[in-house]
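[1] next one to model:
(one chain, ligands or ions: 1)
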Amino acid sequence: RKGVKKMSNVLFEIKEHVGVITINRPKALNALNADVLAELLTTVKEADANPEVYVMIVTGAGDKSFVAGADIGQMSTMTAEEGKLFAAYGNQVMLSIENAAKPVIAAINGFALGGGCELAMSCDIRIASENARFAQPEAGLGITPGFGGTQRMPRLLGRSKAMELILTTNQIKAAEAKEIGLVSKVVPQEELMDTAMALAKDICKNAQVAVRQCKACINHGLQTDILTGVSYEAEAFGLCFATEDQKDAMKAFVEKRKLDGFKNR
Ligand code: CAA
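    Here you go, the predicted model:
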């Protein structure tokens, strides 16, 4: 195992081109305080810049919680100005994941509440264990979601379901999260990391330049009109024809042979 790195609140390990990021503050159910956010930001940026990493997985330490939200103790004494800065910083972390060149899978191993649900929604693919629970409890704490929940949830689930979950603060179980499309797969807890790894490996076996262009196209397209979106996609499509991977893969197909892996360039 290469690249094992330990910070105090975030663990990072590379396994076969998959960078596993573990939020490691189990005593507080992995709640995000300013230190955790800073370490998470550094870890995501380093993993995105590390050529050995093709895909990232974000999960929480322990078997109870993915992330139980932003740190309520830390927020309890914030002024309006401090609250705004805390949200801006949290958003910077969420955007570092959403805008990472490489795909990020959330392996949701328990509570994904408030900032935890927002972290999961910033990832590209979400899978959950059967004990996972989701909610945006903020309105019950006298605040709005602060790390993008009011923006990403309606984009993911539609306006009505996002309104319902955010305005009621009701908690939902993993099965309902799957039903409404908040997660794409639910598995028993003991299978969660293997399932996330299998998904990551399915991505790793493809041409990584193309994979990264696909992620960028989807994310750009969701923020624009379809004409701008398809023209962005056409640019990306064109760029892929300048890669060795495209030539190798299509030549192999035409010559009816199996391609023996990509060069990823
Ligand atoms: N912030 C700080 N500490 C937290 C926390 C949080 N969000 N969630 C849990 N903890 C701490 C608890 O204070 C407790 O610490 P102590 O042992 O020192 O008392 C420890 O984690 C274990 O938690 P509980 O004893 O409460 O465990 P439980 O099993 O009884 O309950 C829970 C679990 C239902 C998740 C409960 O902990 C809870 O409701 N947590 C808060 C969830 C929440 O409201 N999250 C949203 C925060 S607001 C937000 O995230 C804003 C934003 O959008 C950026």
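[2] near residue 77, how many other residues are there?
    7 (other Cβ atoms under 10 Å). Placement of C-beta: from N, CA and C, glycine included.
[3] can you check the pLDDT for it?
    For residue 77, the model assigns a pLDDT of 98.
[4] same deal with the one 3 residues further on?
    On pLDDT, residue 80 comes in at 98.
[5] who touches the closest residue to the ligand within the stretch 101-250 of the chain in this structure?
    With Cβ to the nearest ligand atom, the shortest gap between the stretch 101-250 of the chain and the ligand falls at residue 114, namely 2.4 Å. Residue 114 makes contacts with 68-70, 135-138, 145, 149, as judged by Cβ atoms under 8 Å, 6 or more residues apart in numbering.
[6] let's see it at 10 Å
    Going by Cβ atoms under 10 Å, 6 or more residues apart in numbering, residue 114 touches 31-32, 67-70, 72, 75, 135-138, 140-141, 143, 145-147, 149, 169.
[7] quick one, phi psi at it?
    Backbone torsions for residue 114, taken as degrees, to the nearest 10, come to phi 50, psi -120.
[8] buried stuff in the lengthiest helix in the chain?
    Using DSSP state H, we find that the single longest helix of the chain is helix 80-98. Across helix 80-98, burial judged by 16 or more other Cβ atoms under 10 Å covers 86-87, 90-91, 93-94, 96-98.
[9] what's the answer for stretch 200-210, then?
    200, 203-204, 207-210.
[10] in helices, which of the residues you listed fall?
    Going by DSSP H, the helices hold 200, 203-204, 208-210 from the buried residues of stretch 200-210.
[11] can you list the residues of this protein near the ligand?
    Neighbours of the ligand within the chain, by Cβ under 6 Å from any ligand atom: 28-29, 31, 68-73, 90, 111, 113-115, 118, 137-138, 141, 145-147, 149.
[12] cutoff 8 Å now
    Counting by Cβ under 8 Å from any ligand atom, the chain comes close to the ligand at 27-29, 31-33, 64-65, 68-75, 86-87, 90, 111, 113-116, 118, 133, 135-138, 140-141, 143-147, 149.
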